[in-house]
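A structural model of the following input is requested.
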Amino acid sequence: MALINPKKREVQVKIVYYGPGRGGKTTNLEYINEKFRSRIKSEMVTVKTYNDRTLFFDFLPFDIGMIKGYTIKVQFYTVPGQVKYNATRKLVLRGVDGIVFVADSMTLRQEMNIRSLENLAENLVSFNKNIETIPLVMQYNKRDLETEGIPVLPVEVMQKDLNTSLKAPYYTASAVNGENVAVTMKRIISMTVMSIREKLELGGNE
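The predicted structure is shown next:
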């Protein structure tokens, strides 16, 4: 559940970008950090691991309203995608309120996407969270590679692989070009805030 800070009259919402290594999670957050600079309320912190990175920063969302009179602050995180950093991925997921799953559209990354989604489901269970019910947006990234002659998976195949049972909202994207990065971000913020409001109205944390 989101952290509620009575002193600052602030609700802290945690959104994590998850997915396979080098799929575009970091590029998403770097684009957001640059494009919406006036909304960023902290420096972007980078924790480097070999060939991978974890990023996080605070963000004040667009006209999203308030929750029970409290202002909303979003904390964006990425996780390292490589298998060997699962302990770090699990740690970053602690207290998560919403997730963007960034899948790599390259054909040769098909199996890695599937494994990463399975890993996300497993790690959520350890925090008594369910991938079927947590606010989740799918992003099929790197669609621009098709114009460079690099084989990419048809969206229908990615939907079948990753989204058949979840039926989460999804966007095709190019994080490098910024295509649908902001749309993805706004959708997950909206879904997550709505979910938190509903929980509080049902008698959650005050």
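
give the contact list for Thr184.
By C-beta atoms under 8 Å, 6 or more residues apart in numbering, the contact set of Thr184 is 28, 100, 137, 139, 171, 173. C-beta: built from backbone N, CA, C; applies to glycine.

Shouldn't it be within a helix?
Yes - with DSSP: H, G, I helix; E, B strand; the rest coil as the criterion, Thr184 is located in a helix.

Relative to Asn123, how far out is it?
Using C-beta to C-beta, to the nearest Å, one gets 21 Å for the distance from Thr184 to Asn123.

Break down this structure into its helices, ranges please.
25-35, 86-93, 110-125, 155-162, 181-201 (DSSP state H).

rewinding a little: tell me the one of the contacts of Thr184 nearest Asn113?
Nearest to Asn113, judged by C-beta to C-beta, of the contacts of Thr184 is Gln139 at 11.2 Å.

Please look at Leu124 and Asn130 and confirm they touch.
Yes - the pair Leu124 / Asn130 is scored as a contact, 6.6 Å apart, by C-beta atoms under 8 Å.

For these two, indicate the residue with more neighbours.
Neighbours per residue, other C-beta atoms under 10 Å: of Leu124 and Asn130, the larger number sits with Leu124, 21 against 9.

which residues are common contacts for Leu124 and Asn130?
Going by C-beta under 8 Å, 6+ apart, no residue sits against Leu124 while also sitting against Asn130.

which residues of this protein score low on pLDDT?
For the chain, applying pLDDT under 70 flags the ranges 1, 47-54, 62-63, 83, 203-206.
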